[in-house]
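**Q** Build me a model from this:
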Amino acid sequence: MSTSAQGDRIVAVDFSEDAKLFVYGNEENGAVTVGDVLTGNSVATWQIGSPLRSVHLKKRAAGAKEPGYMVTAVAGGLVDQRVVSGQMPSALVTPMSSFSVAAKLFMAFAGENDRTVWAGGNDNRAALYDMVSGSILNSVSTLGWVRAGDARAGRFAFGADDWMGRVLDLVTGESLFNSPFQTGPILSVSLSGDGSRLALAGADGKVRVYDLVRETLIREWSFTGEIHAVGLSPDGEWLACGGKEAKVRLASVADGRVVLDFLPGGTEVKALRFSAAWADPEGQRRNGDYLLVGTKEGGALLYTISW
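**A** Prediction:
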């Protein structure tokens with residue numbers, strides 16, 4: 001299912017934790033679009049400026065002053081947060097807070113509360129910012145630009161141009177895992193739904209999956225060209241990736257088999273994400289039934305996965 005026009009340069013995608021909404025960002029015009037997963041239709045769109053680099057969608061805690069879904073987006077040095085709420089398909093978008101920094105940022109993820117956000121960019125660090133004042137509360141220095149990240153299950157993972165993958169406690173910033181990667185910058189990062197597995201993808205075409213409980217490498221693939229996007233299924237048993245080769249691959253983490261590959265509009269893959277695990281009306285837990293793919297020229301594409 002196509003969710004945006006051909007020619008749209010979609011460089012960032014995400015799903016809400018309840019698998020009801022998705023979001024994607026257009027690098028060139030700075031547009032942020034939120035859509036309904038079941039219909040594939042857009043429910044809200046706004047612009048924050050360009051070049052847009054990152055979008056993150058998070059359901060707000062029960063009892064929040066502004067209930068709904070928090071969208072954190074990054075464009076240049078701007079971090080912007082807005083709440084999407086109301087009855088779909090007529091959603092209400094409420095600006096919450098924003099701040100700007102001198103650095104060029106590549107990603108940002110909301111913290112455990114609505115006042116903080118982890119962000120990283122060309123200032124060689126991942127930093128925890130106060131969303132109201134823009135001041136830095138905590139930071140981790142790197143030896144290169146921080147280009148990619150993910151936040152799941154109370155953990156924040158990120159990769160940098162120093163070939164290192166790192167995992168921190170989302171609240172305290174405590175280091176939980178550090179691993180040298182490979183022979184090039186890390187371009188994409190993904191955590192499993194419970195935060196127990198980490199996938200890293202890089203400029204050299206390699207993709208690795210780590211077991212964070214045992215702190216061991218459990219699978220590695222080598223593909224052709226840069227891998228711009230990697231995603232782990234909620235249970236961590238499946239991996240999707242794509243990049244310069246204009247192809248999305250779906251592989252088993254258990255044995256490394258590539259069970260499916262397809263061309264998403266015949267254009268370079270810039271971002272992808274599995275939907276979260278969810279319980280269907282009969283109470284059965286589902287494992288990431290949707291895959292959202294952002295492409296260089298083919299727009300955003302929403303796929304149904306039949307496990």
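
**Q** rest of the way, CA atoms for contacts and neighbours
**A** OK.

**Q** neighbours around F109, how many?
**A** Using other Cα atoms under 10 Å, F109 is surrounded by 27 other residues.

**Q** Same check on S222?
**A** When neighbours are counted by other Cα under 10 Å, S222 comes out with 12.

**Q** cool, the one 5 residues further on as well?
**A** Using other Cα under 10 Å as the criterion, I227 is surrounded by 31 other residues.

**Q** where's the nearest residue to it once chain neighbours are set aside relative to N122, distance?
**A** Leaving out its chain neighbours, the residue that sits closest to I227 by Cα to Cα, 6 or more residues apart in numbering is G243, at 4.3 Å. In this view, G243 and N122 are 22 Å apart by Cα to Cα, to the nearest Å.

**Q** Between these two, which is the more surrounded one?
**A** G243 (29 against 18).

**Q** Residues in a beta bridge with F158, which ones?
**A** G149, R166 (DSSP bridges).

**Q** And R219, by the same measure?
**A** Under the criterion used (DSSP bridges), R219 bridges to V209.

**Q** what number of residues lie near it?
**A** 16.

**Q** one step back: how much space between the residue nearest to I227 and S252?
**A** 18 Å.

**Q** With G121 instead?
**A** Computed as Cα to Cα, the G121 to S252 distance reads 31 Å.

**Q** More neighbours: those two, which one.
**A** Ranked by neighbour count (other Cα under 10 Å), G121 and S252 place G121 first, with 22 against 16.

**Q** Is that one in contact with W145, as I believe?
**A** Yes - using Cα atoms under 8 Å, G121 is in contact with W145, at 5.6 Å.

**Q** Just give me the neighbour total for the residue nearest to T116 when sequence neighbours are not counted.
**A** Among residues not flanking T116 along the chain, D130 sits closest, at 4.7 Å (Cα to Cα, 6+ apart). By the criterion of other Cα under 10 Å, D130 has 19 neighbours.
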